[in-house]
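*Asks:* the sequence isn't on hand, but the structure is:
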């Protein structure tokens, strides 16, 4: 496999000219010589001729010397234009001599096809694929004459038809399948004529931000991907016989396709008018090979608890993403039987009093092995993991105020028995102040006795020690199988060069008490993130802790450690993706939505908290035990 670093490759040929305008002696003969470069340069001349031309050009350029004779603005612009033209000609000639031109045209064509950007990996679910844009073709043609000739005669490089020049691209892409991408289409007649002429060649068809109300898809028998973001576009009068369709993305549409869709694997519906959940489930049940389902703001306004239909089994569904109100999501999930190995991601904007519903009890396929609770100012994210499955539930306005406490794990997931527990708070550095810490109780939401490892950020550290401590005359020990404690220290909030916290000494005391009770802590790890790897990370009281624990580790890294949950949706050729990642959100904002981090940060920043004006310097972690 041959790989080319496209970014450095194009930077090399598209940099800004280094020539700067100055006071020079401009003669008509010198400008004429510069203009003649593009006409006189011919590739592959004899060696003597090349040498002669080089000396001729060098002597001509030497005439452009500084004599402090000021030119007019028009003369300077004329000279700059002539120099740019000559520079482009010289660059193309130089590029034609590079070793890459030893490659055969067939291999160059294959490389050119990946020029717009890196190929999409199997870990990404793509609702709006990348098309080959006109500017990408123009860049390739500008490199040298040989590349221009190859590009002009390679039909596949013109197979992506867009708004730029439909006729030119269609003519150059004779006998190849087309990928069409249109925006702001106002003429239905033009689109219908294009479909009648090229319908049998269209492989992908995408219309965004259009006023199209109806389309004749009867000729698109080879269609594999279709996306439409229109205004009340309806399927009601269309017999959509699309046997090869594998990806369907609809926005602001009414109804569903009526014809059989045996090859459909990906469905994305956003802001679509769905009258009832039963019709949605019946449509999905007629898609036998459905793997990826994405629903945002599509469920009807009023959803009864009993919709009068049985549960539908989705044998091949690997990933389900739903963004709506919790009660609606709960009804939908209660009628979907998911297999082991699936990933469920739900998002909603709801306060705490509406969360206690069946939505948090949907993870009943496998036993829970890992649990992560991520607290932001007003949002909460709950990630649940089994051996092969995962579920992620996010609420952007979970807490009414920043002083609200975390709910108990037993309240959220009554039957949770995780072996690994993550509790993490994520705040912008300027939000963390002394007053905020005093006003906010970072209580751990009840640690189950099944937990063997705890990963906690610093604000949860005091409560963590209280939860796992062994009081005097205690008859039982909390978390009896706990063996690992991992503390995350944000380098933006704490000075990690010498972290002066009394909690290191308190941890030594707790470790000694647990060891005497027969439930020792075997490993303690401190990880400082948002910190340069070259910066030392020192802890006071580390020697005393080493005497009580078998292993004490320290690590420094730039990014925050994420929960290393198992990959889900394992197939014979390997896993597909982590359940908590939405890669299409950032790449394709037209049909996706904001990422987890962006969504929660948006609501977290929208605050009228009185402590927001305090500075980070006021923060000092010095609680009393």
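*Replies:* Here it is on my side, so go on. Treat the numbers as computed from the prediction; the structure is a model and nothing was measured.
*Asks:* buried residues in stretch 506-524?
*Replies:* Of the residues in stretch 506-524, those buried under the neighbour-count criterion (16 or more other Cβ atoms under 10 Å) are 506-508, 510-514, 519-521, 524. (C-beta placed from N, C-alpha, C; glycine too.)
*Asks:* out of the residues you listed, which two sit at the greatest distance?
*Replies:* Farthest pair in the buried residues of stretch 506-524 (Cβ to Cβ) is 506 and 519. Separation: 17.3 Å.
*Asks:* for the buried residues of stretch 506-524, which one is nearest residue 208?
*Replies:* Lowest distance from residue 208 to the buried residues of stretch 506-524 (Cβ to Cβ) belongs to residue 524, with 52.8 Å.
*Asks:* how about the closest one, what does it touch?
*Replies:* Contact partners of residue 524, counting by Cβ atoms under 8 Å, 6 or more residues apart in numbering, are 484-487, 507, 511, 545, 549, 551-553.
*Asks:* before we move on, back to that, in the buried residues of stretch 506-524, which has the lowest confidence score?
*Replies:* Lowest pLDDT within the buried residues of stretch 506-524 is found at residue 506 (85).
*Asks:* which strands and helices lie in contact with the one helix or strand that residue maps to?
*Replies:* Assigned by DSSP states H and E, residue 506 falls within helix 503-516. With contacts defined as 3 or more Cβ pairs under 8 Å, 6 or more residues apart in numbering; DSSP states H and E, the packing partners of helix 503-516 are helix 461-468, helix 542-546.
*Asks:* if we go to 6 Å?
*Replies:* In terms of contacts (3 or more Cβ pairs under 6 Å, 6 or more residues apart in numbering; DSSP states H and E), helix 503-516 is packed against helix 461-468.
*Asks:* what comes up buried for the helix it packs on?
*Replies:* Within helix 461-468, the residues that count as buried by 16+ other Cβ under 10 Å are 461-465, 467-468.
*Asks:* need those residues in TSV with pLDDT, can you?
*Replies:* Conversion of the buried residues of helix 461-468 to TSV gives the following (pLDDT from 0 to 100):
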residue	pLDDT
461	83
462	83
463	84
464	86
465	88
467	88
468	91
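*Asks:* dump the residues you listed into a markdown table; add distance to residue 97 as well.
*Replies:* Below are the buried residues of helix 461-468 laid out as a markdown table (distance: Cβ to Cβ, whole Å):
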| residue | distance to residue 97 |
| --- | --- |
| 461 | 63 |
| 462 | 68 |
| 463 | 68 |
| 464 | 65 |
| 465 | 69 |
| 467 | 70 |
| 468 | 69 |
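*Asks:* closest to residue 311 out of those residues?
*Replies:* Of all those, residue 311 sits closest to residue 467, with 39.0 Å by Cβ to Cβ.
*Asks:* residue contacts, the closest one?
*Replies:* 444, 447, 478 (Cβ atoms under 6 Å, 6 or more residues apart in numbering).
*Asks:* look up how far residue 370 lies from the second one.
*Replies:* Which is residue 447. 14 Å (Cβ to Cβ, to the nearest Å).
*Asks:* same thing with the first one?
*Replies:* With distances defined as Cβ to Cβ, the gap from residue 444 to residue 370 amounts to 16 Å.
*Asks:* same check, this time on the last one
*Replies:* When distance is defined by Cβ to Cβ, residue 478 is 20 Å away from residue 370.
*Asks:* more neighbours: which of these two?
*Replies:* Here residue 478 and residue 370 are set side by side on neighbour count (other Cβ atoms under 10 Å), and the busier one is residue 370, at 21 against 18.
*Asks:* now do that one, the pLDDT please.
*Replies:* pLDDT, the model's per-residue confidence, is 86 for residue 370.
*Asks:* just residue 561 next, same as before
*Replies:* Looking at residue 561, its pLDDT reads 70.
*Asks:* what sits closest to it if chain neighbours are left out?
*Replies:* Closest residue to residue 561 in three dimensions, ignoring its sequence neighbours and counting by Cβ to Cβ, 6 or more residues apart in numbering: residue 527, at 5.8 Å.
*Asks:* give me the pLDDT value at the one you found.
*Replies:* Per-residue pLDDT puts residue 527 at 86.
*Asks:* now for it, how many residues are close by?
*Replies:* The number of residues packed near residue 527 is 18, by other Cβ under 10 Å.
*Asks:* do the same with residue 110
*Replies:* Every residue meeting other Cβ under 10 Å relative to residue 110 is counted, giving 14.
*Asks:* likewise residue 393?
*Replies:* As a burial measure, the neighbour count of residue 393 was computed by other Cβ under 10 Å and equals 24.
*Asks:* model confidence for the residue lying closest to residue 369 once chain neighbours are set aside, exactly?
*Replies:* The shortest distance from residue 369 to any residue that is not its chain neighbour, by Cβ to Cβ, 6+ apart, is 5.3 Å, and that residue is residue 419. According to the per-residue confidence, residue 419 scores 91 in pLDDT.
*Asks:* hmm, residue 419 is touching residue 454, no?
*Replies:* No - at 10.5 Å, residue 419 and residue 454 do not qualify as touching, with contact defined as Cβ atoms under 6 Å.
*Asks:* which one of those two has more residues nearby?
*Replies:* Set side by side, residue 419 and residue 454 give different neighbour counts by other Cβ under 10 Å, the larger being at residue 454 (23 against 16).
*Asks:* how far away is residue 242 from residue 181?
*Replies:* Here residue 242 is placed at a distance of 18 Å from residue 181 (Cβ to Cβ).
*Asks:* any figure for the gap between residue 137 and residue 104?
*Replies:* Distance, residue 137 to residue 104, using Cβ to Cβ: 20 Å.
*Asks:* compare neighbour counts for those two and give me the winner.
*Replies:* residue 137 (22 against 8).
*Asks:* I'd say the residue nearest to residue 561 and residue 553 touch.
*Replies:* No - applying Cβ under 6 Å, one finds residue 527 not in contact with residue 553, separated by 8.5 Å.
*Asks:* common neighbours of these two, please.
*Replies:* The overlap between the contact sets of residue 527 and residue 553 (Cβ under 6 Å, 6+ apart) is empty.
*Asks:* what's the span of stretch 524-542 from first residue to last?
*Replies:* According to Cα to Cα, to the nearest Å, stretch 524-542 extends 11 Å from its N-terminal end residue to its C-terminal end residue.
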